[in-house]
Each structure stands twice: as C-alpha cells, then as structure tokens.
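A.B. asks: Let me see the structure of the following:
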Amino acid sequence: MVRAAICRAHGPPEGVRVEDHTVAPAGPGQVGVRVSTAAVNFPDVLLVADDYQVSIDTPFVPGSEFAGVVDEVGSPGTGFTVGDRVTGTGMHGAFAQRVVVNASSLSPIPDGIDDVTAGAAGVAHRTAYHSLRSVGRVQSGDEVVVLGAGGGVGLAAVQIAVALGAVVTAVASSTEKLDAAACHGAMRLIDHTADDLRAALREHLPEGADVVLDPVGGMLSEPALRSLRRRGRFVTVGFASGVIPRIPLNLILLKGVQLMGFQFQDVPADEYARNERELRELLTSGRVKPHVGAVFPLDDIAAALRHVRDGCAIGKVLIDLR
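C.D. replies: Numbering: from 1, shown residues only. All right, here's what the predicted structure looks like:
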C-alpha cells in the first residue's frame, strides 16, 4: 500500500485527493519504481478535467513524468535491475509513491544527473529539443521566437535554442516569466499582455524570424506566424491556452513559410537517437539545466495542478515524493 493522488471524477484540480493505493506486483516485461520526484505538466490538468484529446476512465492516478529507483523487476530481460535510477513517462500514474510500468517506458538516468533534473527534463526538454532540432531545423545564428517562454516547454525551448546558437525572442505573460527567460539566454523580451504582439515582433525583428515555437496557441499564434521571414518555420507543439487557433492559409502561401506540428513518433529514428544523445550531453555537462519554479509535497497535489492550470508556473513544477 502506498500514497497516491487519485482522480475519482473528472473536474477541477480540487477533486484530486491523496489516498492509500494498492500497486500490483510487476508482471512480465514490467518494472516497479519507487518514485522520488514527479513533474506536473499541463496535459495532466486537462486529463483530470477530461478536456484532453483522449479521455481516461476514472478512477485513475494522474501524472505523466517521474524519476525514481527500480525496486522490482517482473521478469528477466527488461534491461533493468533493482537499484537502477530511472525516469519514466506515460499518460498517467506518476503521482504516487510507487508505480509499476512497462520497461519500455523507462530510461536510465545518466551519471551526473540528479533526480530533480531527471524528473524535470523528461517531457519538456525532450519536446523542446526534438521540435527545435528536427522540425524547426534551428541553426546557429537563427532568430527564434518562443511563445509561452515562461512555461515548462517554453523555458526549455529558450535554453535549448540558445545552446543551438540561436538568438531568442521570448514571449510571455509576466515580468517574472520574462526575467526567467532572460536568465536562460533570451536576448529580446516581449510581454504580450502589455504590448500588441504583432507590432512588438515587428519592432524587435524587422527582418523577421527564422523559427517560431508555439506551445500556447490561441491569440498568439497568428501574430507570431506573421513575424516569420520568407521560408521561415512555424512549429506547433500544443495549446496551453486551451484555444486551438484558426490560421489564415493565405499567410502560408504569401509568405512562403512552413507550418508544422511536432510529435515524437514523427522524428526519424536516426535523428531521434542523435537528439537524445545531444540533449543528454547538454544536461550532463550542465549547459542546460531545468528551471524548477515550484516544488509541492504530494499532499498538496491539488494546489500544484491549479498552479499549472492558472498559468502561474515558471519552468517546471515538481512533486516531491521522497
């Protein structure tokens, strides 16, 4: 029996309660993990509210990203042994003191990376790296606009674009979020709640941007798309605003730009392996380190989910299960 956050009915974060929870033994091909750290991502909030593109039947344990130590191996040949430090991702299940998952959903934590870094970097930094490197094709010297630059994916994208040699324009909704983006290398800062975004981008980037990374959607997408120069690339990775934008297709035609969506499964296998290796090197060297804006105990899971839902998060929000 362990403690876990349980969503028994879809709705607001306050409906998620911490209860005793029974975890079945690891079966063939499965691994048990004692969780030390879990990360709260925006899709977790949407799944609890039943507003995500897929629905999970209640009751379920939310949480899509965790780090911990293997404490059980269900069968030989999983590639893991008891005591291994691992990270895991999945649709749900992470907000618990212990999880049992398929071995295929786990990755070893490299030496030199602590559990907090490992737990915070899994979804956001991998999303940012693969989308910028393989979809946006960011090169050294590129002008890159990052929307939602204070959030988990957005702030990771600022760090990674800078590491790739790009010049970053960060767009966010508060001075605090923009300060964090500046600390991680953003050269230009735009508060879209204080300035007209289209005009501000035109002022900061009179020659246009090479790449826009958009994890937000809503009203920010079109003015950001208009900021691209010819043959620019617009990469959409999600809709944290809750609004899917309607893009006038004539802009694509007239500006000669590319509008692309990112999903992990669309990255070619050889590029996927290269990206994972390069990101791992950035993390182990310390050139890129996740920005952890808030840490909550498991008992405050509802507050953590609301913190993310209300747009208060700066960088990653973690649950400490130690």
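A.B. asks: Leu251: neighbour count?
C.D. replies: Leu251: 15 surrounding residues under other C-beta atoms under 10 Å. In this view, the C-beta of every residue, glycine as well, is placed from N, C-alpha and C.
A.B. asks: Export only the CA atoms of the host helix or strand of it, formatted as PDB.
C.D. replies: Assigned by DSSP states H and E, Leu251 belongs to helix 249-255. Provided in PDB are the C-alpha atoms of helix 249-255 (Å, rounded to 0.1, in the frame of the first residue of the first chain):
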ATOM      1  CA  LEU A 249      -3.800  29.800 -45.000                       C
ATOM      2  CA  ASN A 250      -3.200  32.700 -47.300                       C
ATOM      3  CA  LEU A 251      -0.400  33.700 -45.000                       C
ATOM      4  CA  ILE A 252       1.400  30.400 -45.700                       C
ATOM      5  CA  LEU A 253       1.100  31.000 -49.400                       C
ATOM      6  CA  LEU A 254       2.000  34.700 -49.500                       C
ATOM      7  CA  LYS A 255       4.900  34.400 -47.000                       C
END
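A.B. asks: Quick one: mean pLDDT over that helix.
C.D. replies: Averaged over helix 249-255, pLDDT sits at 92.
A.B. asks: Next, the buried residues of that helix.
C.D. replies: For helix 249-255, burial by neighbour count (16 or more other C-beta atoms under 10 Å) applies to Lys255.
A.B. asks: Next one: Pro206 relative to Leu228, how far apart?
C.D. replies: 13 Å (C-beta to C-beta, to the nearest Å).
A.B. asks: For these two, indicate the residue with more neighbours.
C.D. replies: The residue with more neighbours, out of Pro206 and Leu228, is Leu228; 26 against 7, by other C-beta under 10 Å.
A.B. asks: ok, for that one, nearest residue in space, not its chain neighbours?
C.D. replies: Using C-beta to C-beta, 6 or more residues apart in numbering and skipping the chain neighbours, the partner closest in space to Leu228 is Val257 (4.8 Å).
A.B. asks: So the one you found versus Val211, what's the distance?
C.D. replies: Distance from Val257 to Val211, counting by C-beta to C-beta: 10 Å.
A.B. asks: Now do the same contact list for His21.
C.D. replies: Met1, Val2, Arg3, Ala4, Ile6, Val61, Ala96 (C-beta atoms under 8 Å, 6 or more residues apart in numbering).
A.B. asks: Show me just the buried residues among these.
C.D. replies: Arg3, Ala4, Ile6, Val61, Ala96.
A.B. asks: how far does the helix holding Leu251 sit from the chain's center?
C.D. replies: Helix 249-255 sits 29 Å away from the centroid of its parent chain (C-alpha atoms, centre = their mean, to the nearest Å).
A.B. asks: contacting residues around that helix?
C.D. replies: Residues contacting helix 249-255 (C-beta under 8 Å, 6+ apart): Glu222, Leu225, Arg226, Leu228, Arg229, Arg230, Gly232, Val257, Gln258, Leu259.
A.B. asks: Ala24: neighbour count?
C.D. replies: 8.
A.B. asks: can you check Gln53 too?
C.D. replies: What Gln53 shows, counting by other C-beta under 10 Å, is a neighbour count of 8.
A.B. asks: Model confidence for it, exactly?
C.D. replies: Gln53 is assigned a predicted lDDT (pLDDT) of 81.
A.B. asks: distance of it from Ala9?
C.D. replies: From Gln53 to Ala9 the distance is 20 Å (C-beta to C-beta).
A.B. asks: so what's the spatially most central residue of the chain up against?
C.D. replies: Central residue of the chain (C-alpha atoms, centre = their mean): Ala124, 2.4 Å from the mean position. For Ala124, the residues meeting the contact criterion (C-beta under 8 Å, 6+ apart) are Ala39, Asn41, Gly152, Val153, Leu155, Ala156, Pro290, Lys316.
A.B. asks: Please apply the same query to Ala4.
C.D. replies: Ala4 makes contact with Val18, Glu19, Asp20, His21, Val61, Phe95, Ala96, Gln97 under the criterion C-beta under 8 Å, 6+ apart.
A.B. asks: now the helices for the stretch 101-250 of the chain?
C.D. replies: 115-121, 123-130, 152-163, 175-183, 197-204, 221-226, 249-255 (DSSP state H, counting those that start in this stretch).
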